[in-house]
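Q: model this:
(one chain, ligands or ions: 1)
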Amino acid sequence: MIRINENYLKLKASYLFSDIAKRVSAYQEANPEKPIIRLGIGDVTEPLPEACQKAFHKAIDDQGTREAFHGYGPEQGYAFLREAIAKNDYQARGADVDASEIFVSDGAKCDSGNIQEIFGSEIKIAVPDPVYPVYVDTNVMAGRTGNNVDGRYEGFVYLDSTPENGYVPSIPDEKVDLIYLCFPNNPTGATATREQLKAWVDYARECEAIILYDAAYVAFIRDESLPQSIYEIEGARDVAIEFRSFSKNAGFTGTRCAYTVVPKALKAQDASGKEHSVHALWNRRHCTKFNGVSYPVQKAAEAVYSEEGATQVKALTDFYLDNAKIVLKSMRELGFDCVGGEDSPYIWINAKRPSWDFFDLLLNEAGVVCTPGAGFGTCGEGHIRISAFNSRAKIEEAMARIKAALA
Ligand SMILES: *Cc1c(COP(=O)(O)O)cnc(C)c1O
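A: This is a model prediction of the structure:
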């Protein structure tokens with residue numbers, strides 16, 4: 001019989017969301033008259049901005065006429081979108097990124113998961129803890145780790161985010177080759193200052209490592225002193241790849257569009273020490289395995305950069321940020337230390353007890369569903385994540401119920 005890729009057997013089964021679902025349905029059965037409020041989900045709730053809807057509709061009409069029909073587009077994305085991205089997200093902020101360095105795709109999940117395949121199998125990898133599981137699991141599948149022992153895979157360097165370091169990991173005291181960073185962070189909502197990011201860039205330059213910078217939540221940054229792109233940091237073009245997505249800013253989670261920036265300056269070496277362009281490698285992979293994002297979706301994404309679209313995206317993210325403020329204020333009033341919720345839609349709460357105990361307490365006493373931090377890694381223990389992706393009415397009611405339950 002054909003053999004499987006046994007690296008898949010090393011994957012620690014993720015029971016997180018099925019465990020949550022089990023506890024929620026048990027509660028609902030026991031309390032059929034008490035509706036629950038879900039604040040655990042990392043998905044947006046509000047519809048697409050009107051500017052995106054309009055552009056989407058028009059592009060679908062184009063597809064219905066012989067004159068305006070589009071078949072296969074460029075694998076890397078249409079110039080209209082790549083140029084809008086380079087101009088608005090980078091050049092306008094003084095970051096030197098050219099349209100030719102942008103690869104449009106159907107998701108930052110796919111890109112941050114696929115990127116590892118252009119690197120060697122023996123490389124040393126640093127991953128955050130708690131973590132967006134994609135970074136870890138894709139490297140486990142590729143055979144870059146040993147087994148999972150007590151919640152951690154052998155072979156990774158773990159970057160702890162703890163109350164002591166303000167949930168921004170410190171630079172490791174050993175050399176690594178590949179570093180996954182995510183700011184504003186999922187799950188913690190923590191942001192990195194310019195100085196903190198500069199320290200990572202300097203470390204990567206010293207190690208000749210590459211930083212994979214996931215900026216999926218950049219649209220929630222309001223503090224102008226915070227960097228939005230890693231390319232705002234001097235020297236980053238030689239050491240960083242950046243992932244972005246239209247999922248969380250413009251509500252594209254069900255529409256699918258994202259992009260990855262691979263600077264042409266980025267180099268990596270082969271076994272003989274000869275240098276190669278990482279941009280060329282990613283271009284080769286992208287063109288071989290991907291056939292481009294649909295034309296109507298790229299048109300809808302382009303509308304994010306129109307004056308109307310930008311205003312609507314700002315209003316949409318402001319709405320979630322106001323939800324986050326309500327959660328942050330309520331949880332702080334109840335005496336909890338929190339991070340996130342200011343330049344992020346997530347609030348990471350130090351529960352001062354096992355995360356599943358606090359999950360059960362909020363479910364059973366308030367009918368509110370959160371995400372237990374232990375599901376995101378060893379350092380997530382003792383914490384929960386609350387998401388601001390919900391209606392104002394539900395956020396307010398959830399906070400009132402939590403206050404009543406814990407007072
Ligand atoms: C939501 C999210 C993304 C975006 O994923 P898409 O595939 O573009 O929807 C990327 N990274 C993190 C950490 C996320 O939470």
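Q: Break this protein down into its domains, please.
A: For the chain, the structural domains run 8-47+308-406, 52-306, going by automatic domain parsing.
Q: so Pro227 makes contact with Ile233?
A: Yes. With the criterion set as CB atoms under 8 Å, Pro227 and Ile233 qualify as a contacting pair; they are 6.2 Å apart. For the C-beta atoms, the positions are set from N, CA and C on the backbone; glycine is no exception.
Q: which residues are common contacts for those two?
A: Common neighbours of Pro227 and Ile233 are listed as Arg194, Leu197 (criterion: CB atoms under 8 Å, 6 or more residues apart in numbering).
Q: mind listing the strands for the stretch 51-200 of the chain?
A: All strands of the stretch 51-200 of the chain, identified by DSSP state E, counting those that start in this stretch, fall at 102-105, 125-129, 148-149, 152-153, 157-160, 178-182.
Q: Same question for the stretch 301-407 of the chain.
A: Ranges of strands within the stretch 301-407 of the chain are 337-340, 346-350, 368-369, 371-372, 383-387, based on DSSP E, counting those that start in this stretch.
Q: buried set for the first one?
A: By neighbour count, with 16 or more other CB atoms under 10 Å as the criterion, the buried positions of strand 337-340 are Cys338, Val339, Gly340.
Q: now the residues you listed as TSV including pLDDT and distance to the ligand?
A: Converted to TSV, those look like this (pLDDT from 0 to 100; distance: CB to the nearest ligand atom, whole Å):
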residue	pLDDT	distance to the ligand
Cys338	98	19
Val339	98	16
Gly340	98	13
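Q: Could you check which residue of this structure lies nearest the ligand?
A: Checking the chain residue by residue against the ligand with CB to the nearest ligand atom singles out Gly107 as nearest, at 2.8 Å.
Q: what's the closest non-adjacent residue to that residue?
A: The shortest distance from Gly107 to any residue other than its chain neighbours is 4.9 Å, reached at Ala258 (CB to CB, 6 or more residues apart in numbering).
Q: one step back: in a markdown table, list the strands of the stretch 301-407 of the chain along with distance to Leu212.
A: Putting these into a markdown table (distance: least, CB to CB, whole Å) gives the following:
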| stretch | distance to Leu212 |
| --- | --- |
| strand 337-340 | 21 |
| strand 346-350 | 20 |
| strand 368-369 | 31 |
| strand 371-372 | 23 |
| strand 383-387 | 22 |
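Q: right, so the ones you listed: which one is the most enclosed?
A: For those, the stretch with the most neighbours on average is strand 383-387, a mean of 28; neighbours defined as mean count of other CB atoms under 10 Å.
Q: Contacts for it, please.
A: Contacts with strand 383-387, where a contact means CB under 8 Å, 6+ apart, come from 39-42, 130, 187-189, 327, 331, 345-351, 355, 358-359, 362, 370-373, 376.
Q: and the ligand, which of the residues you listed reach it?
A: When CB under 6 Å from any ligand atom is taken as the criterion, the members of the contacts of strand 383-387 that contact the ligand are Gly42.
Q: Which positions within stretch 328-344 qualify as buried?
A: In stretch 328-344, counting by 16+ other CB under 10 Å, buried: Leu328, Ser330, Met331, Phe336, Cys338, Val339, Gly340, Gly341, Glu342, Asp343, Ser344.
Q: just stretch 213-231 next, same as before
A: In stretch 213-231, the ones that count as buried by 16+ other CB under 10 Å are 213-221, 226-231.
Q: same question, stretch 65-73
A: Neighbour counts over stretch 65-73 (16+ other CB under 10 Å) mark Gly73 as buried.
Q: Stretch 282-293 too?
A: Judged by neighbour count (16+ other CB under 10 Å), stretch 282-293 contains these buried residues: Trp282, Asn283, His286, Phe290, Gly292, Val293.
Q: who touches the fourth one in this structure?
A: Applying CB under 8 Å, 6+ apart to Phe290 gives the contacts Glu75, Ser105, Asp106.
Q: List the beta-bridge partners for the residue nearest to Gly107.
A: According to DSSP bridges, Ser105, Ser245 are recorded as the beta-bridge partners of Ala258.
Q: Go ahead and confirm it touches Lys248.
A: No. In this structure, Ala258 is not within contact of Lys248 by CB under 8 Å, at 10.1 Å.
Q: Now for these two: what residues contact both?
A: Counting by CB under 8 Å, 6+ apart, the contacts common to Ala258 and Lys248 are Ala216.
Q: Just the mean pLDDT for stretch 113-128, thanks.
A: Taken as a whole, stretch 113-128 carries a mean pLDDT of 98.
Q: does the ligand sit close to it?
A: No. In this structure, stretch 113-128 remains apart from the ligand according to CB under 6 Å from any ligand atom; the gap is never smaller than 8.9 Å.
Q: Only the buried residues of that stretch, if you could.
A: Applying a neighbour-count criterion of 16+ other CB under 10 Å, the buried positions in stretch 113-128 are Gly113, Asn114, Ile115, Gln116, Ile118, Phe119, Lys124, Ile125, Ala126, Val127, Pro128.
Q: Next, format the strands of the stretch 51-200 of the chain as TSV and append distance to Ile241.
A: As requested, these are exported to TSV (distance: least, CB to CB, whole Å):
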stretch	distance to Ile241
strand 102-105	10
strand 125-129	14
strand 148-149	26
strand 152-153	22
strand 157-160	17
strand 178-182	10
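Q: Output the set of residues of this protein in proximity to the ligand.
A: Neighbours of the ligand within the chain, by CB under 6 Å from any ligand atom: 42, 107-109, 132, 182, 186, 214, 216, 245, 247-248, 253, 258.
Q: Fine by me, we can end here.
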